[in-house]
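Q: Fold the following, please.
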Amino acid sequence: MRKLFHMMSLIAIGLSTVGCGHTAAPPSNGPSVFSHLRPSRIVPTPQGTLAASDPEPNGTLWVLAGNSASKGIYQYDLAQHKQMGSVSVSNATSAVAESSTGMLALGMDTATTGAVSLANGSTGTVLTTIPMSGPVYAIAAGNDGISFYVLNGTSQARTVTVINGQTDKIVGNVPVPKDTVGVVPSPGQHNLYVIEPNGVVSEIAVAGGQVTTQFPIGQSGRSLALGPNGNTLYVLKGQGTVRNVAVVNIATESVKEVLPAPTNTQGIVLSPDGRTLYDVVGTPTYGNLQAFSL
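A: Next up, the predicted model:
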């Protein structure tokens with residue numbers, strides 16, 4: 001395991017933003033902060049926005065929004081800032097991901113059970129549903145265009161279940177820390193990066209489930225995104241009204257920069273070329289996608 005680095009200065013960083021991206025002045029110490037503290041564009045989404053899939057090569061993505069009484073997925077054209085269509089989904093839907101080949105995965109949870117529905121990425125029509133061992137917390141698509149990595153379980157034990165979207169079969173299960181909240185596979189899909197609320201990132205081998213390294217990036221970890229070359233990890237952190245994104249150099253296990261994030265950012269997704277980070281923002285009364293150029 002690589003040497004853990006000291007990140008106490010990062011914990012002191014607080015870049016607070018409000019609905020449309022206003023930020024506080026950056027601190028004078030700790031990791032450097034991106035100079036552009038405003039989003040390059042904002043795409044309005046439905047109130048109650050909860051999550052979004054990674055953008056497709058054609059510039060579209062799906063947004064999950066709603067509440068316990070009603071939920072839907074909404075397809076957006078990011079270049080034209082417009083909604084293209086919507087589909088009602090189960091009120092238990094908790095996560096969404098889309099493969100590079102246009103296959104959609106919808107995660108569901110109840111108090112004790114979970115499932116993943118695979119759907120047509122163009123229409124949102126559900127094709128099949130696969131039961132999970134517990135509620136689904138997050139889903140990430142693999143670079144091969146057919147694999148999905150599903151974080152599921154309970155407060156006592158969590159697993160990343162690997163699904164082959166072509167065969168609709170579970171092809172593996174990788175144990176992860178019991179409080180894991182986010183997951184992303186490496187470009188070659190040999191390893192997983194997972195994040196815990198205490199800010200510890202673990203790298204875990206898909207084959208065998210061995211933890212190969214762990215390192216802290218600061219408290220209140222929430223979700224992950226990984227650059228296309230596998231060298232840079234983006235970690236959404238924060239609680240209450242304070243959010244930011246730690247930009248982590250995988251080779252050195254160190255935070256090299258910090259990107260501010262809007263208040264109520266629920267997750268982060270990255271463009272296929274790795275040049276734009278989208279903050280997925282939502283409350284019961286509004287939602288939007290805020291793009292930050294990297």
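Q: List the residue ranges of the protein that fall below the pLDDT cut-off.
A: Residue ranges of the chain with pLDDT under 70: 1-37.
Q: Mind jotting down where the helices sit in it?
A: 8-11 (DSSP state H).
Q: Number of residues surrounding Gln189?
A: The local packing count at Gln189 equals 14, with neighbours defined by other Cβ atoms under 10 Å. Every C-beta, even on glycine, is put in place using the N, C-alpha and C of the backbone.
Q: list the contacts for it?
A: 142-144, 147, 206 (Cβ atoms under 8 Å, 6 or more residues apart in numbering).
Q: Which of those sits closest to Glu56?
A: Closest approach between the contacts of Gln189 and Glu56, by Cβ to Cβ: Asn143, at 13.4 Å.
Q: Now do the same contact list for the closest one.
A: 100, 185, 187-189.
Q: hmm, try it at 6 Å
A: Contacts for Asn143 were tallied using Cβ atoms under 6 Å, 6 or more residues apart in numbering; they are Pro187.
Q: Gln210 too?
A: Applying Cβ under 6 Å, 6+ apart, no residues contact Gln210.
Q: could you redo the last one with a cut-off of 8 Å?
A: Shown in contact with Gln210 (Cβ under 8 Å, 6+ apart): Ile204.
Q: gap between it and Thr49?
A: Distance, Gln210 to Thr49, by Cβ to Cβ, to the nearest Å: 36 Å.
Q: circling back to that earlier point, out of the contacts of Gln189, which is nearest to Val247?
A: Distances from Val247 to these, taken by Cβ to Cβ, are shortest for Asn143, at 20.5 Å.
Q: how far is stretch 198-212 from where the chain is centred?
A: 17 Å (Cα atoms, centre = their mean, to the nearest Å).
Q: Equivalent analysis for stretch 87-100, please.
A: Worked out by Cα atoms, centre = their mean, stretch 87-100 lies 13 Å from the chain centre.
Q: Let me know the distance separating the nearest residue to Thr285 once chain neighbours are set aside from Asn288.
A: Once flanking residues are discounted, Thr285 sits nearest to Gln47: 5.4 Å by Cβ to Cβ, 6 or more residues apart in numbering. Between Gln47 and Asn288 the distance is 10 Å, computed by Cβ to Cβ.
Q: Mutual contacts of those two, please.
A: With Cβ under 8 Å, 6+ apart, Gln47 and Asn288 have common neighbours Gly282.
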